[in-house]
Every structure is written in C-alpha cells, then in structure tokens.
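Chemist: Got a predicted structure here, sequence first:
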Amino acid sequence: MENKEKKVGLAFPIILLIVLIGLVVGGYFAINSKKTTEVASATKTASIATVNGFAITKAVYDAQVANALTSYQAQGIIATTTEQLAIIKKQVLDNLISNQLLDAAVASSGTKVSADEINTQIQTIQKQAGGAEGFKVALAKNNLTEESLRENVTKQLGVQKFLLANIDSKSITVSDTEVEQFYADYNKQQKAAGQKTISTLKELSADIKLQITSNKQQVLANAYVESLRSKANIVINK
C-alpha cells in the first residue's frame, strides 16, 4: 500500500517558541500542569537556575529532561553520548528560562485571553487528537486533565498574543522565489521518502507561504526573547 503524501506541516505560529521539548498536538500537552518556576526562597541546592529572583527547581528541570528524552526516543532518536545529553539538557534549561521570562512579561503587560479563544483552541486540539476518544487518550498519556490542559492553552495563547504584539509581523514578506525554493526542497524530500504522487506547487503554494511566514515570525520572536534575556538577571547553579 502506498504511503500518503505528508502535507506541508503548519505549526501554530509563535507558540512553538515556548513549549518544552516533546511536542504533542500543537505543543499544549508538552507542559505539565505544575508550575515550571517557583519563588527563589528555595535553597540553591534545590534549584538549577534563578531568573530575576525566581527559581527553576531541579525537580522541574529533571522532569523536563526526562520528558525530552522520552519524546526523542518516540521519534527513534536515542541520546547515547555525553555530548548528545549535554545538548538536550542545555536546550531544556534554555526553554525553561525563556518560559519564565515570557511568563513574567505577559503578566506585567496585562495581556488577556478570552474564553472564546480558549474554547476554540481546545476544540482544535480535540480534532487533531482524533476526536473525543483520542483526546482522552492524549490527556491520560501526558498525565493531564482537561482543566490543566485548559490552563496550558490559556498560558500559551497569552504568550502568543503578547509576542505578536511585540514583534513587527507587518515587516514580513514572502517572495515567489522563496515559495518555489521551499517547494523544491519539499519535493526532493518527498521523493527521497519514496512518495510517487506529490502535490503540485500550485496546490501547496498557500500552505507554503503560511509556513515561511511562521518561520520568519519565529525568528523575530526568538530575537525578542533574546532581548529579554539580555536584560535579565539569570544565575545558573552548577
């Protein structure tokens, strides 16, 4: 039986910036229901880093590293060397620091997310999970309740809205040349994967343009987070 062509994936713009390693159904299942940071009244031995006086606990860090390793294993990627583990651990810590900086910035800005926005995203997640039953399975697999997932959605939509308000998305343009190059790379990848029937450039053009736009938004968002980091007091406990 011939495999179906894998369509151009359109990730939720910006949101992917702040989800932790191990994305499932748009990333909302990747953050567990517990807060990823705590006030830095904890001792240094209990924290891996502090961000503007807030502690990222070692327990949270260790749990997210474990989640990352599990996620990679599910994709057939097994980190076996010291160097590979070091890269994953650094990525997890960087994500936790970025999350804390964004959480604080969103709170300071007073950014709000409406109930309708949250409900719409929950419905999208349910659909992506394969309906009501698939949704229940995904929740159980990730040790989440619908309530805790809703908290994650609220948090991430708030960050998305905040970032979109603080980056210059209007400056983003996508040329025909960029779309054509993206399609050429995609076409080559599909053929290498053994696909015999591949959608045409005309069929995929709109999706590709959205993906390139999302990628450029991601670059701007990364730069904005870096600006937050440059002004922050970050202490990593060795």
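Modeler: Thanks, I have the structure now.
Chemist: list the contacts for residue 169?
Modeler: Neighbour list for residue 169: 217, 220 [criterion: C-beta atoms under 8 Å, 6 or more residues apart in numbering]. In short, each C-beta sits where N, CA and C put it, glycine included.
Chemist: Let me know the distance separating it from residue 143.
Modeler: 35 Å (C-beta to C-beta, to the nearest Å).
Chemist: do residue 80 as well
Modeler: 26 Å.
Chemist: more crowded one of those two?
Modeler: residue 143 (11 against 7; other C-beta atoms under 10 Å).
Chemist: Quick check: that one vs residue 189, distance?
Modeler: Relative to residue 189, and taking C-beta to C-beta, residue 143 is found at 34 Å.
Chemist: repeat for residue 68
Modeler: From residue 68 to residue 189 the distance is 25 Å (C-beta to C-beta).
Chemist: neighbour-wise, which of the two wins?
Modeler: residue 68 (21 against 12).
Chemist: didn't that one look like it was pressed against residue 90?
Modeler: No. Counting by C-beta atoms under 8 Å, residue 90 is not a contact partner of residue 68; they are 10.9 Å apart.
Chemist: Restrict stretch 208-223 to CA atoms and write it as CSV.
Modeler: As requested, the backbone C-alpha atoms of stretch 208-223 are provided in CSV (Å, rounded to 0.1, in the frame of the first residue of the first chain):
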residue,chain,number,x,y,z
ILE,A,208,4.0,27.1,2.0
LYS,A,209,3.6,30.8,2.2
LEU,A,210,2.0,30.4,5.6
GLN,A,211,4.8,28.2,6.8
ILE,A,212,7.5,30.6,5.6
THR,A,213,5.7,33.4,7.3
SER,A,214,5.5,31.4,10.5
ASN,A,215,9.2,30.6,10.3
LYS,A,216,10.0,34.3,9.9
GLN,A,217,7.7,35.1,12.9
GLN,A,218,9.7,32.6,14.9
VAL,A,219,13.0,34.4,14.1
LEU,A,220,11.6,37.7,15.2
ALA,A,221,10.2,36.1,18.4
ASN,A,222,13.5,34.4,19.2
ALA,A,223,15.2,37.8,18.8
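Chemist: can you give me the helices for this structure?
Modeler: 58-74, 82-109, 115-128, 132-141, 146-166, 176-192, 201-231 (DSSP state H).
Chemist: Comparing those helices, which comes out most buried?
Modeler: Most buried of the helices of the chain by mean neighbour count (mean count of other C-beta atoms under 10 Å) is helix 146-166; its value is a mean of 19.
Chemist: how far off helix 115-128 does that one point, in degrees?
Modeler: For helix 146-166 against helix 115-128, the angle between stretch directions is 110 degrees (axes from the mean of the first three to the mean of the last three C-alpha atoms, to 10 degrees).
Chemist: Which strands or helices does helix 146-166 pack on?
Modeler: helix 82-109, helix 115-128, helix 201-231 (3 or more C-beta pairs under 8 Å, 6 or more residues apart in numbering; DSSP states H and E).
Chemist: can you put those in CSV and add mean pLDDT?
Modeler: Putting these into CSV (pLDDT from 0 to 100) gives the following:
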stretch, mean pLDDT
helix 82-109, 91
helix 115-128, 90
helix 201-231, 92
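Chemist: Format the ones you listed as a markdown table; extra columns: distance to residue 64.
Modeler: Formatted as a markdown table, these follow (distance: least, C-beta to C-beta, whole Å):
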| stretch | distance to residue 64 |
| --- | --- |
| helix 82-109 | 5 |
| helix 115-128 | 21 |
| helix 201-231 | 18 |
